[in-house]
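Peer 1: sequence plus predicted model, see below.
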Amino acid sequence: MKAYLFPGQGSQFIGMGKELYDNSELAREMFHQADSIIGFPISELMFSGTDEDLLQTKVTQPSIFIHSVIASKTMAESFQADMVAGHSLGEFSALVANGTLSFEDGLRLVIERSNAMQAACEMVRGTMAAVLALDDEKVEEICKSIKNIVVPANYNCPGQLVISGSIEGVTEACELLKAAGAKRAMILKVGGAFHSPLMEPARERLAAAIENTTFHQPICPVYQNITGLPYRNSDAIKKNLIAQLTAPVRWTQTIENMIKDGAKSFTEVGPGKVLQGLVKKINKEAEIAIG
């Protein structure tokens with residue numbers, strides 16, 4: 001069975017999507033459509049902008065989504081997915097790829113998501129940190145022991161867990177985690193405390209947009225971040241997508257469940273190769289296919 005994976009924030013790079021634009025009429029049409037929907041020439045920023053341009057949340061998230069979805073659409077008949085999953089933002093790309101959302105609706109939701117998250121970041125300052133070489137249970141235990149907000153945010157692979165929360169909470173957690181034996185507990189250069197309770201204002205705002213968007217019957221199940229389990233029911237998919245902003249990304253569990261359910265090969269669709277690396281760290285025997 002073929003599994004397709006879609007990356008999240010952090011996979012962007014200058015020039016992303018340019019090759020697709022140059023070699024596909026369909027891609028050109030979709031890039032122009034995206035520029036029209038978003039209200040500014042985001043394709044120009046993707047192709048030849050600056051690193052600073054791409055670090056803006058209002059640019060980063062739509063750019064990765066646009067690239068990923070167009071890449072999947074230009075694969076045409078070769079895109080034969082038995083299951084899909086996306087890391088955080090990538091879940092929206094996955095839902096377009098499997099037919100749950102239209103490209104237009106998916107992009108509008110991503111725009112709303114990025115704006116809502118930016119607003120939440122401005123309301124309360126927060127941050128995230130990568131924790132390496134410590135058991136998940138120990139990280140969870142230390143996070144629970146801290147009074148300030150800090151929670152597990154991304155279960156990326158065994159021995160790699162990202163925490164998120166208030167600056168005070170994450171800073172304190174890093175010191176305790178290093179003392180507990182973590183190889184590294186490193187503050188990340190991010191705009192806020194994603195996948196934590198500090199994103200509650202963004203969750204509420206995005207919920208209204210999701211509830212007013214048409215979700216179709218997918219061609220294959222999507223394995224969603226919040227549980228790592230497969231879903232086909234549109235109501236359940238909506239509920240999980242709304243909860244995703246304040247809940248952890250259970251990527252390790254997602255890949256393990258896809259393998260358990262018969263995934264034989266994993267194809268990453270979109271910018272970068274981050275997810276390919278995580279899949280191999282989760283299961284060394286997993287086959288990586290070229291998108």
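Peer 2: Cool, got the structure.

Peer 1: for E137, what is the enclosing helix or strand?
Peer 2: Assessed by DSSP states H and E, E137 sits inside helix 136-144.

Peer 1: now do the buried residues in that helix.
Peer 2: Of all the residues in helix 136-144, those buried under the rule 16 or more other C-beta atoms under 10 Å are K138, V139, E140, I142, C143. All C-beta spots, glycine's among them, are computed from the backbone N, C-alpha and C.

Peer 1: what average pLDDT does that helix get?
Peer 2: The pLDDT scores in helix 136-144 average 98.

Peer 1: moving C-terminal from that helix, which element do we reach first?
Peer 2: Taking DSSP H and E, what comes next after helix 136-144 is strand 150-157.

Peer 1: that following strand to helix 136-144, inter-axis angle?
Peer 2: 160 degrees (axes from the mean of the first three to the mean of the last three C-alpha atoms, to 10 degrees).

Peer 1: how far is strand 150-157 from where the chain is centred?
Peer 2: Mean-position distance between strand 150-157 and its chain equals 13 Å (C-alpha atoms, centre = their mean, to the nearest Å).

Peer 1: on that earlier part again, can I get the buried residues of helix 136-144 in JSON lines including distance to G169?
Peer 2: Shown next, in JSON lines, are the buried residues of helix 136-144 (distance: C-beta to C-beta, whole Å):
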{"residue": "K138", "distance to G169": "17"}
{"residue": "V139", "distance to G169": "13"}
{"residue": "E140", "distance to G169": "14"}
{"residue": "I142", "distance to G169": "11"}
{"residue": "C143", "distance to G169": "8"}
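
Peer 1: what's the angle between the host helix or strand of A129 and helix 136-144?
Peer 2: Following DSSP H and E, one finds A129 within strand 126-132. Between the axes of strand 126-132 and helix 136-144, defined by the same axes, to 10 degrees, the angle is 150 degrees.

Peer 1: max-length helix in this protein?
Peer 2: Secondary structure assigned by DSSP state H gives helix 103-123 as the longest helix of the chain.

Peer 1: tell me the pLDDT of A289.
Peer 2: On pLDDT, A289 comes in at 83.

Peer 1: what does stretch 278-291 rub up against?
Peer 2: 2, 4-5, 71, 75, 156-160, 251-252, 255-256, 259, 263-269, 276 (C-beta atoms under 8 Å, 6 or more residues apart in numbering).

Peer 1: at 7 Å what do you get?
Peer 2: Stretch 278-291 has contacts (C-beta atoms under 7 Å, 6 or more residues apart in numbering) with 71, 156-158, 251-252, 255-256, 259, 264-269, 276.

Peer 1: how about stretch 22-30?
Peer 2: Contacts for stretch 22-30 (C-beta under 7 Å, 6+ apart): L20, Y21, I70, K73, T74, F103.

Peer 1: closest one of these to L241?
Peer 2: Closest approach to L241 among the contacts of stretch 22-30 (C-beta to C-beta): F103, at 16.5 Å.

Peer 1: ok, the closest one - contacts?
Peer 2: Contacts of F103 by C-beta under 7 Å, 6+ apart are M30, V69, V96.

Peer 1: measure it to N283 for me?
Peer 2: Using C-beta to C-beta, to the nearest Å, F103 is found at 32 Å from N283.

Peer 1: how about I70?
Peer 2: For I70, the distance to N283 - C-beta to C-beta - is 29 Å.

Peer 1: thanks a lot, see you next time.
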